[in-house]
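# Provide a 3D model corresponding to the input given below.
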Amino acid sequence: MAKIDYLKQLKHLYGPSAKKVEIIEVPQMNFLMIDGKGDPNTSLAFKDAVELLFSLSYILKFMIKKSEMALDYGVLPLQALWWSDDISAFCTGNKDAWKWTVMIMQPEFITPAMVEEAKIEVQRKKKLASLSPLRFETFNEGKAAQTLHIGPFSEEGPTIKKVHSFIENSSSQRIGKHHEIYLSDIRRAAPEKWKTIVRQPMS
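Got it, this is the predicted structure:
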């Protein structure tokens, strides 16, 4: 059975250095996505969204593995876009005002029909009332600056500032939403070892 390692294939997207900020060109890719609002540390909607994304992603993985394609691949890391109508919410720590889109990239051979089939399966297994918040959508981020943050999320501030300063010093501007990619399983790894890609689209 053939196996695809997307983290290796897409190392320029998922393997940045923690020592420097790099400019990358992010291609158009397909994602399972769920939008929401509120403090990710206390929001039940955030917790449920993450669980749903991983459940669907694993069902899709095993569908492909058992299909005629007979391909195996690792489920990609959780990602999130963050923003707020009032930018000061990030400075004041008012996390209840934060808005987010949590998402997981899907291989190019995953189709909308497969996603619909997987949704039926996850609804049967988890007996969910509705999967309406979830969508399967193309995301084209384009040019971005990114680096790797090692440590707890609460200490990301200097890393984010470093990315923003890099963009400004490159005579560019920030566009789009603050983007994070979570490479560590925070249930198992110690907070000081958490690895998070901090990415910011730029002009």
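# quick one, what contacts Met103?
Applying Cβ atoms under 8 Å, 6 or more residues apart in numbering to Met103 gives the contacts 31-34, 53, 78-81, 139. Where you see a C-beta, it was placed from the backbone N, CA and C, and this is true even at glycine.
# now do Glu22
By Cβ under 8 Å, 6+ apart, the contact list for Glu22 reads 16, 145-147.
# and it, backbone torsions?
phi -120, psi 150 (degrees, to the nearest 10).
# please flag which of the contacts of Met103 sit within strands.
Of these, the ones assigned to strands by DSSP state E are 31-34, 78-81, 139.
# can you add pLDDT and neighbour count and give those residues back as JSON lines?
JSON lines is the format used below for the ones in strands among the contacts of Met103 (pLDDT from 0 to 100; neighbours: other Cβ atoms under 10 Å):
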{"residue": "Phe31", "pLDDT": "98", "neighbour count": "19"}
{"residue": "Leu32", "pLDDT": "98", "neighbour count": "24"}
{"residue": "Met33", "pLDDT": "98", "neighbour count": "19"}
{"residue": "Ile34", "pLDDT": "96", "neighbour count": "23"}
{"residue": "Leu78", "pLDDT": "97", "neighbour count": "20"}
{"residue": "Gln79", "pLDDT": "98", "neighbour count": "21"}
{"residue": "Ala80", "pLDDT": "97", "neighbour count": "20"}
{"residue": "Leu81", "pLDDT": "97", "neighbour count": "20"}
{"residue": "Phe139", "pLDDT": "98", "neighbour count": "16"}
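# most widely separated two among these?
Of all pairs drawn from these, the one with the longest distance (Cβ to Cβ) is Leu78 and Phe139, at 14.3 Å.
# and the next element down the chain from the helix-or-strand element of the chain with minimal mean pLDDT?
Within the chain, confidence by mean pLDDT, DSSP states H and E is lowest for helix 88-92 among all helices and strands, at a mean of 57. For helix 88-92, the following helix or strand on the C-terminal side (DSSP states H and E) is strand 99-106.
# with just CA atoms, put that next one into CSV.
The C-alpha coordinates for strand 99-106 follow below in CSV (Å, rounded to 0.1, in the frame of the first residue of the first chain):
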residue,chain,number,x,y,z
LYS,A,99,-13.4,35.0,16.1
TRP,A,100,-11.9,31.9,14.6
THR,A,101,-12.0,29.4,11.8
VAL,A,102,-10.6,26.0,12.7
MET,A,103,-9.6,23.8,9.8
ILE,A,104,-7.7,20.7,8.6
MET,A,105,-6.2,20.5,5.1
GLN,A,106,-7.5,17.6,2.9
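# ok, now which ones touch the spatially closest residue to Glu192 that is not a sequence neighbour?
Spatial nearest neighbour of Glu192, excluding adjacent residues (Cβ to Cβ, 6 or more residues apart in numbering): Gly151 at 5.6 Å. The contact partners of Gly151, by Cβ under 8 Å, 6+ apart, come to 191-194.
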